[in-house]
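> Model the following, please.
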Amino acid sequence: MKTRSPMKKLAAVAVAASALVGCSVSAPSTANQPLMAPPAGALSAPTYQVLVEDDSEHKKKLEEFMTQLALAKDQKTQLKSIVKNALERAKPLQAELKPLVTAPEIDRTALSTAIQNAMKADAAQDAQTLEEVRETLSPEQRTMVADKLTEMSTREDDPHTKMFERLMDKAGMQVTMTEAQKTAFSNLKTAFKDFWMTNRAAYYTAMATHMKEGDQAKLQAELERLNAGAPSQAMIDFMASLDQSQRQKLVAWKEGLMQKIANKL
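Numbers count the residues shown, from 1 in each chain. Below you'll find the predicted structure:
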């Protein structure tokens, strides 16, 4: 689902993960995240309108923050373009992983290697996107976004955690699972949630620091470090528990979700 978010984006995760969560590693996302990770996602209201369409409380808070941010018309246009470009940049990673995820049998070694490579590339893409967002904002707006990210790093009611759980539940509804598959899916949800709860403050802090300092290389290195700890084994275990048709349905669902986001931009 992202995220990306934190979301972004929960955030773009490798197709194996984003087939489930539609996000990127920046949301338990690896964990971006797809959800679009803040601030890229938070500054792209149409993206969140899709991802939190049934969360009126989060919508209200997002709208309030966007009002405070007071983006100019040209900034809104630029930010939409940035998010569109980010979605386009993620497609090659998804294209590389899709054959492994939808193959008749899961090649655990090949998929594990591909996921790790994709997560590293995802960190670079997220860092680039966030740098583009930063360059679009004024110094005052950067400070506001950095402060919001810092605040979110300490919140117990992190909306991205709720979004992640909701998207995971929706993913689980796409296929009829056996008891063994349900157990593997439950393990995956627990692993992702534990990963996000353990690392979310570090993700938010890294993005807040970048918003203030503008060191893209530093942000990328920190995202790579965090992404490397994502529960890829739980992803692979769940995927391996499914038959080919189930995996194809999940991938198609995830692709449809991302297209829905793209259409809203």
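
> pretty sure Gln181 contacts Ala240?
No: distance between Gln181 and Ala240: 10.2 Å, which falls outside the contact criterion (C-beta atoms under 8 Å). The way it works is simple: take the backbone N, C-alpha and C, and place the C-beta from them, glycine included.

> out of the two, which sits in the busier spot?
Legend: neighbour count by other C-beta atoms under 10 Å for Gln181 and Ala240, higher for Gln181 (17 against 14).

> Let's verify that one: helix, strand, or coil?
With DSSP: H, G, I helix; E, B strand; the rest coil as the basis, Gln181 sits in helix.

> Now Lys61: closest residue in space that isn't a chain neighbour?
Once flanking residues are discounted, Lys61 sits nearest to Pro159: 7.3 Å by C-beta to C-beta, 6 or more residues apart in numbering.

> what about the one you found, how many neighbours?
So Pro159, with other C-beta under 10 Å, has 20 neighbours.

> And it, how close does it get to Glu64?
Distance, Pro159 to Glu64, by C-beta to C-beta, to the nearest Å: 13 Å.

> remind me which residues of the chain are low pLDDT?
Low-confidence segments of the chain (pLDDT under 70): 1-59, 265.

> Glu165 contacts Phe192, correct?
No: at 9.3 Å, Glu165 does not count as touching Phe192 under the criterion of C-beta under 8 Å.

> With neighbour numbers in mind, choose between these two.
Phe192 (28 against 18).

> any idea which element the more buried one lies in?
Using DSSP states H and E, Phe192 sits in helix 179-213.

> counting contacts, what elements does the next helix-or-strand element following that helix pack onto?
Where DSSP H and E defines the elements, the next helix or strand beyond helix 179-213 is helix 216-227. Judged by 3 or more C-beta pairs under 8 Å, 6 or more residues apart in numbering; DSSP states H and E, the packing partners of helix 216-227 are helix 108-136, helix 179-213.
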